[in-house]
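> Pasting the sequence and the predicted model now:
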Amino acid sequence: MMSKLFAVLLMLTPVLATASTIDDIARLEQAKEGADAPAQPENRSAKSAPAADAQPAPAKPVWYHLSDGRRVDVGHWQIVHFVRSDCPYCHRFNPTLKSVSEQTGIGVFVYSFDGKGDAVFPKVMPVNDGILKDFFAELPQATPTDFIINTQSLVTIPLSQGEMSEEALRQRLDESFALAVRLGVL
């Protein structure tokens with residue numbers, strides 16, 4: 001009996017870690033929308049809790065046009081960007097990434113290996129061991145490194161490592177989203 005309970009608890013550990021990552025992303029997104037400090041989780045009382053059958057409002061579609069003519073909704077996808085504040089490649093690439101993000105409507109969530117941002121991305125989350133394990137299990141820890149991630153399913157696809165032009169980044173986005181379509185996760 002105890003071994004079964006332990007096995008169930010062990011299987012739930014990734015779910016709890018995933019929820020924490022989603023909460024981190026939500027707090028950063030809230031902060032980017034105008035608050036000066038990262039938002040803290042709400043402490044709701046029973047009176048203000050939503051009804052059990054209440055459904056969240058559907059996300060507004062964010063359409064991305066693939067080079068083959070297909071149009072895909074990337075509203076639940078975000079770029080996860082890894083930097084260091086002293087990385088010259090990051091300093092040159094960050095404006096390109098921000099520009100592509102603004103043009104496509106795909107948000108950027110930034111992790112920093114040294115916990116510091118820069119002029120382009122001043123609000124960052126420090127990297128921790130769990131993040132390193134999740135994102136860099138089979139990749140070298142280089143900056144800048146980018147992934148696209150579905151914020152609902154947490155499907156993650158490598159996007160790029162190193163500095164690149166806007167054209168090259170758009171090509172990589174196209175390839176990564178086309179892969180997501182082929183895998184059936186978009």
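Received the coordinates, thanks.

> And the next helix or strand past the helix-or-strand element of the chain with minimal mean pLDDT?
The weakest-scoring helix or strand in the chain, judged by mean pLDDT, DSSP states H and E, is helix 2-32 (a mean of 46). Once the chain leaves helix 2-32, the next helix or strand it forms, by DSSP states H and E, is strand 63-65.

> Please identify the pairing partners of that next one and their relative orientation?
strand 71-73 (antiparallel) (DSSP bridges).

> Would you mark the buried spots in the strand it pairs with?
Residues residue 72 are the ones in strand 71-73 that count as buried (16 or more other C-beta atoms under 10 Å). For every residue, glycine as well, the C-beta is placed using N, CA and C.

> Same check on stretch 162-169?
Quick answer for stretch 162-169 (16+ other C-beta under 10 Å): 163, 164, 169.

> go on, stretch 76-91?
77-85, 87, 89-91.

> Which of those residues fall within strands?
77, 78, 79, 80, 81, 82, 83 (DSSP state E).

> these two touch, right, the second one and residue 147?
No - at 9.2 Å, residue 78 does not count as touching residue 147 under the criterion of C-beta atoms under 8 Å.

> separation between residue 119 and residue 89?
15 Å (C-beta to C-beta, to the nearest Å).

> again but with residue 124, I slipped
16 Å.

> and what of residue 105?
Counting by C-beta to C-beta - residue 105 and residue 89 are separated by 25 Å.

> do the same with residue 116
For residue 116 relative to residue 89 (C-beta to C-beta), the value is 16 Å.

> How about residue 131?
When residue 131 is compared with residue 89 (using C-beta to C-beta), they lie 20 Å apart.

> Likewise for residue 149?
22 Å.

> just residue 82 next, same as before
For residue 82 relative to residue 89 (C-beta to C-beta), the value is 12 Å.

> Kindly report the same for residue 120.
Residue 120 is 13 Å from residue 89, by C-beta to C-beta.

> re earlier: now the buried residues of stretch 162-169 in TSV, with pLDDT and secondary structure?
Listed next are the buried residues of stretch 162-169 as TSV, based on pLDDT from 0 to 100; DSSP: H, G, I helix; E, B strand; the rest coil:
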residue	pLDDT	secondary structure
163	97	coil
164	97	coil
169	98	helix
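
> what would the residues you listed look like in JSON lines with distance to residue 67?
Formatted as JSON lines, the buried residues of stretch 162-169 follow (distance: C-beta to C-beta, whole Å):
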{"residue": "163", "distance to residue 67": "22"}
{"residue": "164", "distance to residue 67": "17"}
{"residue": "169", "distance to residue 67": "13"}
